[in-house]
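1. Okay, sequence plus prediction incoming.
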Protein chains: 2
Amino acid sequence: MSPAGAARGPLVLIAGGGDYPVQLARALAAHGERPYVAALDGAADPAAFGDADVQSYRLGQLGRLLEELRRRGIADIVMLGGLPRPSFGALRPEASTLKYLPHFAKAFRGGDDHLLRGVVLFFEQQGFRVHGPAELAPELAAPEGPLGRRQATAEQRELLQRGFALLDALSPFDVGQAAILADHRVVAIEAAEGTDAMIGRVADLVARGRLKIGKGDGVLVKLPKTGQDLRMDMPAIGPDTLRNVAQAGLSGIGIRAGRVLVGDRAALGRLADQLGLFVEGFT
Amino acid sequence: MSPAGAARGPLVLIAGGGDYPVQLARALAAHGERPYVAALDGAADPAAFGDADVQSYRLGQLGRLLEELRRRGIADIVMLGGLPRPSFGALRPEASTLKYLPHFAKAFRGGDDHLLRGVVLFFEQQGFRVHGPAELAPELAAPEGPLGRRQATAEQRELLQRGFALLDALSPFDVGQAAILADHRVVAIEAAEGTDAMIGRVADLVARGRLKIGKGDGVLVKLPKTGQDLRMDMPAIGPDTLRNVAQAGLSGIGIRAGRVLVGDRAALGRLADQLGLFVEGFT
């Protein structure tokens, strides 16, 4: 991460899917900054960025993107948004990209952190500085305390703390950004399926009578892995997360303040209130 | 666990669902022992025990069972087989059972280990000795080495060791008897959903192109939690586990020798060979 206040030149936002890249572009615009947007084909919709300076790139056009960035004198990068984990064979690299492939072949053999560390390292070796979204727009990350009116009770906090400890214990294995605790125990741990699928699994267990979640019980915890590089892979929750959590009959969400993206805090707080959930950041 | 060779009197087998209680009764018969079988209503089919001395009990008839055991002079217990985690309210306790409820009310507030420790403690306080199935019939547990012809390769062993370490790290949280590793990473961790549902989730991720499992890749690990009481809750694999693992495109199963039930070793080894899987016990 670049030191606070370090000199920074013009910025490229390499945008994957979801609303967060758009929200980041909007936050940067509010700071008076207009980044060049490289919208990753099949993930980001260029039109969503309004009148931004935006262009689509396939993953296999990495060489072309680097050339464009050099032409524009851009040495500062921020990357954000979902990307289906690409198969190495599906990259369809252009000629200008082929020479970079050996670097990535190794990065593909491992967990997500391993892959993403490889991507950061690659850009740094090419002379770029990689910035995190929360470094550029801290207002998009979870604050400490509740986003809406509800706060976790003492009993819910106890479940949340156990969940945070569980995820910390999983960190060395490069897995587990989220878990669900209910009925005094751990009922789901996220791995390759993603947070929404994990929440859906708990909803399903409840629907089939395999799991009972009483009123005020059931919490989702989400936080980065210990040592996770927040420049490349910051955990996020959003409106869909809240809706899924409510649908599953859980009572709220605990996240690490400053280390999980929440986007528009006020809007998410209002939605939490409507759904009867607590959404709370903890240091 | 009673010391090896300790005096033991007549035995009751408290039988839940699945084939393992029947296999245990058969193994005991081969040792020349005919236990009294208490088949738990809704889980165990009394008819499956052939000509054994068998009677059905509801969970709420605990008091009646204890009276019968005392009448018969039975002080040695073995419990085996699946049981849907009962809701405390659904027990429908008979009058003779009501006095025991306070003991269990607390045990229900926690993970599985917590609940099962409470059950063992209860029987011990009532003057019974609780034995483990592998103590009474070691031939039903996984041996060291492969069950069939196939053995894990060096690469598969590396995945298995990482999986064993992951599950050990989860043990303090009273969760996680099984995990799946593939594509150089952890792809699924079991919590409340059970092993078969976890395997099904991985099969589903593969079917939807979210996960790629190459030939010879993909392993299931299963073992008891550190300190888990193997008298009450011994992890098990069986023919269905092997079929599900093969169906999901995984290459094999690693288990802890002596600490995971496999039932009829020879039959499971033959099935592993048919399905092209390794099934191997590690110390």
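-> Happy to help now that I have it. Note that this is a predicted model, so its numbers are computed, not measured.

2. who touches the closest residue in space to A:Leu166 that isn't next to it in sequence in this structure?
-> Spatial nearest neighbour of A:Leu166, chain neighbours left out: B:Phe173 (4.8 Å); criterion: C-beta to C-beta, 6 or more residues apart in numbering or on different chains. From N, CA and C alone the C-beta is placed, and that goes for glycine too. Going by C-beta atoms under 8 Å, 6 or more residues apart in numbering or on different chains, B:Phe173 touches A:Arg162, A:Ala165, A:Leu166, A:Ala169, A:Val186, B:Gly111.

3. next one: A:Phe278
-> With C-beta under 8 Å, 6+ apart, A:Phe278 has these contacts: A:Pro146, A:Gly148, A:Arg150, A:Gln151, A:Ala152, A:Gln156, A:Ser251, A:Gly252, A:Ile253, A:Ala272.

4. In a markdown table, list those along with neighbour count.
-> Output for these, formatted as a markdown table (neighbours: other C-beta atoms under 10 Å in any protein chain shown):
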| residue | neighbour count |
| --- | --- |
| A:Pro146 | 17 |
| A:Gly148 | 22 |
| A:Arg150 | 19 |
| A:Gln151 | 13 |
| A:Ala152 | 22 |
| A:Gln156 | 21 |
| A:Ser251 | 24 |
| A:Gly252 | 27 |
| A:Ile253 | 27 |
| A:Ala272 | 24 |
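
5. Go through these and flag which are in strands.
-> A:Pro146, A:Gly252, A:Ile253 (DSSP state E).

6. What are the phi and psi values at the residue nearest to the first one when sequence neighbours are not counted?
-> In this case it means A:Pro146. Distances taken as C-beta to C-beta, 6+ apart place A:Glu280 nearest to A:Pro146, at 4.6 Å, with adjacent residues excluded. Backbone torsions for A:Glu280, taken as degrees, to the nearest 10, come to phi -140, psi 140.

7. Tell me which residues touch A:Glu280, please.
-> A:Gly145, A:Pro146, A:Leu147, A:Gln151, A:Ala152, A:Gly252, A:Ile253, A:Gly254, A:Ile255.

8. on that earlier part again, next step: the contacts of B:Phe173 restricted to strands.
-> Per DSSP E, the contacts of B:Phe173 map to strands at A:Val186.

9. Which two of the contacts of B:Phe173 have the greatest separation?
-> Greatest spacing in these, by C-beta to C-beta: A:Ala169 and B:Gly111 (14.8 Å).

10. so what are the domain limits for chain A?
-> A:11-136, A:141-282 (automatic domain parsing).

11. Now tabulate these in TSV and tack on mean pLDDT and distance to B:Asp45.
-> Shown next, in TSV, are the domains of chain A (pLDDT from 0 to 100; distance: least, C-beta to C-beta, whole Å):
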stretch	mean pLDDT	distance to B:Asp45
domain A:11-136	85	44
domain A:141-282	94	21
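
12. So what sits opposite A:Ala188 in the bridge?
-> As for beta bridges, A:Ala188 partners with A:Ile180 under DSSP bridges.

13. That one and A:Ile180 touch, don't they?
-> Yes - counting by C-beta atoms under 8 Å, A:Ile180 is a contact partner of A:Ala188 at 4.3 Å.

14. any common contacting residues for those two?
-> Counting by C-beta under 8 Å, 6+ apart, the contacts common to A:Ala188 and A:Ile180 are A:Met198, A:Ile199, A:Val202.

15. now, which of those residues sits nearest A:Gly263?
-> A:Ile199 (18.1 Å).

16. Strands of the stretch 151-283 of chain A, start to end?
-> A:178-182, A:185-189, A:219-222, A:252-256, A:278-282 (DSSP state E, counting those that start in this stretch).

17. Can you tell me the strand partners of the third one and which way each runs?
-> It refers to strand A:219-222. strand A:178-182 (antiparallel), strand A:252-256 (parallel).

18. How about residues contacting the first one?
-> Contacting residues not belonging to strand A:178-182 are listed as A:159-160, A:162-163, A:166-167, A:186-190, A:195, A:198-199, A:202, A:211, A:213, A:217-222, A:235, A:248, A:250, B:191 [C-beta under 8 Å, 6+ apart].

19. Could you name the residue of chain A that is farthest from its center?
-> Computed with C-alpha atoms, centre = their mean, the residue of chain A farthest from its C-alpha average is A:Gly209, at 32.2 Å.

20. returning to that earlier point: and the contacts of strand A:178-182, which of them are in helices?
-> A:Leu159, A:Leu160, A:Arg162, A:Gly163, A:Leu166, A:Leu167, A:Thr195, A:Met198, A:Ile199, A:Val202 (DSSP state H).

21. So the nearest residue to A:His103 once chain neighbours are set aside, which state does it fall into?
-> Leaving aside its chain neighbours, A:His103 sits nearest to A:Phe122 (5.2 Å; criterion: C-beta to C-beta, 6+ apart). Secondary structure state of A:Phe122, per DSSP: H, G, I helix; E, B strand; the rest coil, is helix.

22. residue contacts, the closest residue to A:Gly16 other than its chain neighbours?
-> In space, and not counting its chain neighbours, A:Gly16 is closest to A:Gly81: 2.8 Å by C-beta to C-beta, 6+ apart. Residues in contact with A:Gly81 (C-beta under 8 Å, 6+ apart) are A:Ala15, A:Gly16, A:Gly17, A:Gly18, A:Tyr20, A:Pro21, A:Leu40, A:Ala43, A:Ala44.

23. cool, A:Leu170 as well?
-> A:Gly176, A:Ile189, A:Lys225, B:Leu166, B:Ala169, B:Leu170, B:Ile189.

24. Please, which helix or strand holds A:Val54?
-> Applying DSSP states H and E as the criterion places A:Val54 in strand A:53-57.

25. Show residues contacting that strand.
-> A:34-41, A:44, A:46, A:64-65, A:68.

26. among the contacts of A:Leu170, which two are most distant?
-> A:Lys225 and B:Leu170 (14.7 Å).

27. Please tell me I have it right and A:Ala191 contacts A:Val175.
-> Yes - counting by C-beta under 8 Å, A:Ala191 does reach A:Val175; the two are 5.3 Å apart.

28. list residues touching both of these two?
-> Common neighbours of A:Ala191 and A:Val175, counting by C-beta under 8 Å, 6+ apart, are B:Val186, B:Ile189.

29. Give me the more crowded residue out of these two.
-> Neighbours per residue (other C-beta atoms under 10 Å in any protein chain shown) separate A:Ala191 from A:Val175, with A:Ala191 holding more: 28 against 24.

30. Who are the contact partners of the residue nearest to A:Glu33 when sequence neighbours are not counted?
-> Distances taken as C-beta to C-beta, 6+ apart put A:Leu11 closest to A:Glu33, at 6.7 Å, once the chain neighbours are dropped. Under the criterion of C-beta under 8 Å, 6+ apart, the contact list for A:Leu11 reads A:Leu28, A:Glu33, A:Pro35, A:Tyr36, A:Ile74, A:Asp76, A:Ile77, A:Val78, A:His131, A:Leu136.
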